[in-house]
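*Asks:* the sequence and its predicted three-dimensional model are supplied below.
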Amino acid sequence: MPYLVECLASVERQTLDPARVEVIAVDDGSTDGTGECLEEFAARAAMPVTVIHQENSGGPSGPRNVGLGKAAGRYVFFLDADDRLGPEALERMVAMADKNNTDVVLGKVEGINRKPPKSMWHKTLDRTDVFSSNIKFTLSAQKLFRRALLEQHGMRFDESLWTGEDALFTMEAYLRADGVSVVADYPCYYLVGREDGKHVTKTGSYTLRFDSARALMNLIADMVPAGPRRDTLMVRPFLVTLLPQFGPKFLKDSEEVRRHKMELAQPLMDTHWNPEVARRLRVHERLRLHLVAVQRPALLVDVIEFVRAKKQASALLEKRGTHVYLVYPHFRAKTAGIPDWIYLAEPREARAVEGYREEAANTFLRRALRRMRRTLPTRGVKAAAV
């Protein structure tokens with residue numbers, strides 16, 4: 001409350017026939033009048049509404065699982081109480097799933113006082129998958145899921161996680177789905193920024209973020225064989241979940257917290273970080289994670305300060321313009337011992353540098369990667385750099 005009022009109003013405004021909709025609302029021990037509001041909604045709504053009251057569980061996983069256990073429809077959609085739906089959202093998403101026989105449908109997300117994910121909404125896609133699109137960068141639970149898929153695989157939200165439980169659930173659904181659809185031409189979901197800032201994803205101890213990263217990395221490793229497809233997916237937990245712990249907030253951390261973060265990251269880097277994941281990142285992202293992998297916090301602080309100051313790394317062109325090195329801190333410093341390839345820009349970054357020769361670079365890059373694979377041990381970057 002009071003966000004719930006507008007949330008429920010957006011459900012009542014749905015253009016999908018109310019007879020085709022069931023609402024299951026879980027009052028997870030609220031003390032702000034939510035329970036009474038839900039009962040009033042159930043009494044007046046045109047569609048059937050079930051209200052479940054329970055003691056507070058402390059997180060979203062338990063209530064979602066309770067609701068999922070009661071669901072009887074062909075599809076389920078998880079709507080957070082402080083967000084809202086576009087009027088045609090359910091109608092469009094259900095039609096998309098029915099038309100293409102896909103198991104998951106993403107509806108375009110727009111933000112209200114909050115930044116939504118953007119990279120996956122460039123084009124409506126009747127059928128895609130997690131490997132050939134950017135949907136891996138939206139792992140919130142606010143998707144349309146075919147219930148038969150969830151029941152077939154016994155999928156539920158992990159109640160041991162206090163954040164990131166939706167990423168685990170949605171990634172598994174992507175990987176198990178017989179096709180995913182994207183509705184990009186209509187705002188289906190409005191992500192609302194609360195004035196009190198009390199979003200679950202923005203609260204809680206930093207240790208929870210490492211728990212979330214570990215769970216998602218392990219899921220990907222368990223479900224996807226080693227190789228380019230796994231490496232592509234691993235970018236998401238490294239970039240979205242782990243890397244922010246080694247951004248500007250790291251500069252404000254105490255020495256004790258810094259040491260603890262490095263300790264928590266170590267097994268994740270040893271197990272899942274490798275050159276193929278690294279090269280899929282921008283240079284400053286790759287550099288920071290490399291320094292985490294080799295446990296060099298002092299050098300890491302220098303790089304974070306450089307990036308936070310929004311300094312532009314100078315570009316060094318070599319090998320007739322086919323190699324572009326971005327000169328971030330400690331580039332070719334003997335005392336640092338950081339391999340040159342960490343600073344080597346991939347084409348998406350190098351194209352911005354005048355004089356870069358991309359076509360010729362592709363040949364050099366393929367040769368360099370082959371040499372790198374031969375010289376680096378399978379456990380990853382850290383062992384090679386020490």
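*Replies:* Perfect, I can see it now.

*Asks:* not counting sequence-adjacent ones, nearest residue to N65?
*Replies:* R156 (4.9 Å; Cβ to Cβ, 6 or more residues apart in numbering). Backbone N, C-alpha and C define where each C-beta goes, glycine included.

*Asks:* that neighbour reaches A71, doesn't it?
*Replies:* No: counting by Cβ atoms under 8 Å, R156 does not reach A71; the two are 11.9 Å apart.

*Asks:* quick one, what contacts A315?
*Replies:* Contact analysis of A315 by Cβ atoms under 8 Å, 6 or more residues apart in numbering lists V324, Y325, L326, V327, A345, V353.

*Asks:* which of these fall in helices?
*Replies:* Among these, no residue falls in helices (DSSP state H).

*Asks:* can you lay out those as JSON lines showing neighbour count and pLDDT?
*Replies:* Shown next, in JSON lines, are the contacts of A315 (neighbours: other Cβ atoms under 10 Å; pLDDT from 0 to 100):
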{"residue": "V324", "neighbour count": "26", "pLDDT": "96"}
{"residue": "Y325", "neighbour count": "22", "pLDDT": "98"}
{"residue": "L326", "neighbour count": "21", "pLDDT": "98"}
{"residue": "V327", "neighbour count": "14", "pLDDT": "98"}
{"residue": "A345", "neighbour count": "22", "pLDDT": "96"}
{"residue": "V353", "neighbour count": "16", "pLDDT": "94"}
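
*Asks:* can you pull the contacts of E285?
*Replies:* By Cβ under 8 Å, 6+ apart, E285 lies in contact with L239, L243.

*Asks:* do you know how far it is from F77?
*Replies:* 33 Å (Cβ to Cβ, to the nearest Å).

*Asks:* what sits closest to R127 if chain neighbours are left out?
*Replies:* Nearest one to R127, counting by Cβ to Cβ, 6+ apart, is G179 at 4.6 Å.

*Asks:* same deal with R332?
*Replies:* D340 (7.0 Å).

*Asks:* hang on, the earlier thing: export the contacts of A315 to a markdown table and tack on distance to E263?
*Replies:* A markdown table is the format used below for the contacts of A315 (distance: Cβ to Cβ, whole Å):
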| residue | distance to E263 |
| --- | --- |
| V324 | 35 |
| Y325 | 31 |
| L326 | 29 |
| V327 | 30 |
| A345 | 31 |
| V353 | 37 |
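
*Asks:* what residues are up against the residue most central in space within the chain?
*Replies:* Of all residues in the chain, the one closest to the mean position by Cα atoms, centre = their mean is F137, 4.4 Å from it. Going by Cβ under 8 Å, 6+ apart, F137 touches P117, S119, M120, R236, V240.

*Asks:* and the host helix or strand of L268, what's buried?
*Replies:* Assigned by DSSP states H and E, L268 belongs to helix 255-272. For helix 255-272, a neighbour-count test (16 or more other Cβ atoms under 10 Å) marks R258, K261, M262, L264, A265, L268, M269, H272 as buried.

*Asks:* same deal with stretch 108-125?
*Replies:* K108, V109, G111, R114, P116, P117, M120, W121, L125.

*Asks:* farthest-separated two in the contacts of F137?
*Replies:* M120 and V240 (13.2 Å; Cβ to Cβ).

*Asks:* mind listing the helices for the stretch 201-350 of the chain?
*Replies:* Here the stretch 201-350 of the chain has its helices, by DSSP state H, counting those that start in this stretch, at 206-223, 228-236, 248-252, 255-272, 275-278, 283-293, 297-308, 347-350.

*Asks:* with respect to burial, which of those helices scores highest?
*Replies:* Neighbour counts (mean count of other Cβ atoms under 10 Å) averaged over each of these peak at helix 283-293, with a mean of 24.

*Asks:* now the angle between helix 297-308 and it, please.
*Replies:* 160 degrees (axes from the mean of the first three to the mean of the last three Cα atoms, to 10 degrees).

*Asks:* then helix 283-293 to CSV, C-alphas only?
*Replies:* Written as CSV, here are the backbone C-alpha positions of helix 283-293 (Å, rounded to 0.1, in the frame of the first residue of the first chain):
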residue,chain,number,x,y,z
VAL,A,283,37.7,-3.8,-21.3
HIS,A,284,37.1,-2.1,-18.0
GLU,A,285,34.6,-4.8,-17.0
ARG,A,286,37.0,-7.5,-18.0
LEU,A,287,39.9,-5.8,-16.2
ARG,A,288,38.0,-5.4,-12.9
LEU,A,289,36.9,-9.0,-12.9
HIS,A,290,40.4,-10.2,-13.8
LEU,A,291,41.8,-8.3,-10.8
VAL,A,292,39.2,-10.0,-8.6
ALA,A,293,40.2,-13.4,-10.1
